[in-house]
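okay, predicted coordinates and the sequence, questions at the end:
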Amino acid sequence: MSSMSNIIGWSTEWRKRYSQDNPQALRNPWVIGWLGVVVLFLTVNAVFIVLSIVTSPGLVVEDYYEQGRQFEDNASKLFAARNALQWQTKLEIPEYIRVNTPDIYRFSAVDLRGLPIKNAEVNLVAYRPSNAGADFTTALYQYAPGLYQASIHFPLPGIWDLNIHVQREADNYQQTHRISVSAP
């Protein structure tokens with residue numbers, strides 16, 4: 001019986017010490033709860049800050065402002081040069097693109113007279129907007145006059161930008177196409 005009275009006495013003493021009626025603020029369960037919430041909030045934010053610094057995907061370059069200004073200055077020249085070529089191009093991509101599944105990507109180009117663009121250097125740059133570490137470049141080889149192709153597989157699912165760069169003598173041509181790669 002004495003152990004039962006000890007438990008009841010301890011329970012009563014605990015209730016008095018940690019009740020809402022206790023005038024000491026740090027013994028009030030509401031204050032303790034709110035302090036716990038604040039500590040949890042600050043801890044989670046600190047973890048996010050550390051993770052953002054440690055796992056930076058490298059998408060922001062150091063001289064972003066200067067590169068933006070340079071692009072702004074040269075954009076009209078690039079668009080005028082592209083339009084002056086008057087090439088008709090086509091990029092053929094598979095209807096369904098899956099991770100780590102190689103598919104054939106074809107690019108064709110003809111000039112204003114309908115003649116194929118032959119012996120050009122054609123590169124496809126696959127750019128992943130969410131992670132610069134996954135970007136890669138693939139050369140497309142000419143398998144017929146004006147027709148270029150390569151077998152390409154994407155290592156990660158998500159959105160990818162395909163940038164086609166064509167260099168033939170003094171002529172430069174660029175084209176961009178956005179695709180979505182699905183998980184297996």
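It's in. Not measured: the values here are computed from a predicted model.

chain neighbours aside, what residue packs nearest to the residue nearest to the spatial centre of the chain?
When CA atoms, centre = their mean is applied to the chain, the residue found nearest the centroid is Ser130 (0.7 Å). The shortest distance from Ser130 to any non-neighbouring residue, by CB to CB, 6 or more residues apart in numbering, is to Gly158 (6.3 Å). In short, each C-beta sits where N, CA and C put it, glycine included.

how close does the one you found sit to Tyr127?
Per CB to CB, to the nearest Å, Gly158 is found 12 Å from Tyr127.

circling back: in contact with the residue nearest to Ser130, which residues?
By CB atoms under 8 Å, 6 or more residues apart in numbering, the contact list for Gly158 reads Arg128, Ser130, Ser180, Val181.

what's the answer for Lys118, then?
Contact analysis of Lys118 by CB under 8 Å, 6+ apart lists Gln142, Pro145, Gly146.

by neighbours, which of those residues wins?
Neighbour counts for those, by other CB atoms under 10 Å, peak at Gly146, which reaches 20 neighbours.

that one and Val122 touch, don't they?
No - in this structure, Gly146 is not within contact of Val122 by CB atoms under 8 Å, at 10.4 Å.

now the element after the helix or strand hosting Gln142, going C-ward?
Taking DSSP states H and E as the criterion, Gln142 maps to strand 136-144. Per DSSP H and E, the first helix or strand lying C-terminal to strand 136-144 is strand 147-152.
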